[in-house]
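K.L.:
only the shape, not the letters, is given here:
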């Protein structure tokens, strides 16, 4: 767990882009959707807690994510849950999950499905 990601270089995005064109991307997203915040009945991907899924040419997966609050009671466990969900995806060689609080999570990061599930739409 790394709450101190490298500082932003001027002009670069705060969170690096996801590898959406990688053949494993959709399967990794599906695996992330199997992990739920225990206090909210919505998966971490649709909650907007997963900021980036970067997949290397060697199929190593780096996930940068956040929590709904810095004092989240499962802060120490959540990276392991995500790693345990993504690791078995066929083709994935390794998984590194990093926690950040920059930018801070907000309800505007939720998908429409999550908003609907939680009664915000």
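P.N.:
Yep, it's here. Since we're looking at a predicted model, the values are computed, not measured.
K.L.:
OK, contacts around the spatially most central residue of the chain?
P.N.:
In the chain, the centroid-proximal residue (CA atoms, centre = their mean) is residue 50; its distance is 2.1 Å. Listed by CB atoms under 8 Å, 6 or more residues apart in numbering, the contact set of residue 50 reads 32, 44, 63-65. C-beta coordinates here come from the backbone N, C-alpha and C atoms, glycine included.
K.L.:
spatially nearest residue to it (excluding sequence neighbours)?
P.N.:
Nearest non-adjacent residue to residue 50, counting by CB to CB, 6 or more residues apart in numbering: residue 65, 4.8 Å away.
K.L.:
ok, the one you found - how many residues close by?
P.N.:
Residues lying near residue 65 (other CB atoms under 10 Å) number 24.
K.L.:
roughly how far does it sit from residue 94?
P.N.:
Between residue 65 and residue 94 the distance is 17 Å, computed by CB to CB, to the nearest Å.
K.L.:
next, count neighbours for residue 102.
P.N.:
Count around residue 102 with other CB under 10 Å applied: 13.
K.L.:
need the three-state assignment for it.
P.N.:
Secondary structure, DSSP: H, G, I helix; E, B strand; the rest coil: residue 102 is coil.
K.L.:
lowest average confidence, helix or strand, in this protein?
P.N.:
When the helices and strands of the chain are scored by mean pLDDT, DSSP states H and E, helix 112-117 comes last with a mean of 87.
K.L.:
from the rest of the structure, what touches it?
P.N.:
In contact with helix 112-117 (CB under 8 Å, 6+ apart) are residues 41-42, 46-48, 107, 121.
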